[in-house]
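# Quick one: sequence plus predicted model below, questions after.
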Amino acid sequence: MRNFTLAGVIAATALMAFAAQAAPTARPIDRYAQNGAVKIHYATAGDASKPLVIMIHGFPDYWYTWRNLMAELAPQYRVAAIDTRGYNLSDKPDGVAA
């Protein structure tokens, strides 16, 4: 079973809220969601009036892993691919213990 952090849940909620307002795009557009002091990067593509698909990468990838699939899904869906905390352009925790 996978544990989700509060920051991840809030970032996903922000993605869904944003996706409902954004204009349609064919190429991914970089975006950021802020949760307190933590900034989470994500990329979006597609039409805001379409159903939302959220893509979350595994270790050790980042949102770019999904770029080709995003292009394929964008005509039928609003697609968002997230950089989870600590990866690529999302904020990294400070210290080894974090």
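Great, that's in hand.

# What about residue 65, how many residues nearby?
Neighbourhood size, residue 65 [other Cβ atoms under 10 Å]: 14. All C-beta atoms are positioned from the backbone trio N, CA, C, and that covers glycine.

# my guess is it meets residue 59, correct?
No - counting by Cβ atoms under 8 Å, no contact exists between residue 65 and residue 59, whose distance comes to 11.0 Å.

# what bits of this protein have low per-residue confidence?
Across the chain, the stretches falling below the confidence threshold (pLDDT under 70) are 1-26, 98.

# what are the ranges of the strands in it?
25-35, 38-46, 52-56, 78-82 (DSSP state E).

# The residue lying closest to residue 90 once chain neighbours are set aside: how many residues sit nearby?
On the basis of Cβ to Cβ, 6 or more residues apart in numbering, the spatially nearest residue to residue 90 that is not a chain neighbour turns out to be residue 83, at 4.2 Å. By the criterion of other Cβ under 10 Å, residue 83 has 23 neighbours.

# so how far is residue 97 from the residue nearest the centre of the chain?
The central residue of the chain, meaning the one whose C-alpha is nearest the mean C-alpha position (Cα atoms, centre = their mean), is residue 82 at 2.3 Å. With distances defined as Cβ to Cβ, to the nearest Å, the gap from residue 82 to residue 97 amounts to 24 Å.
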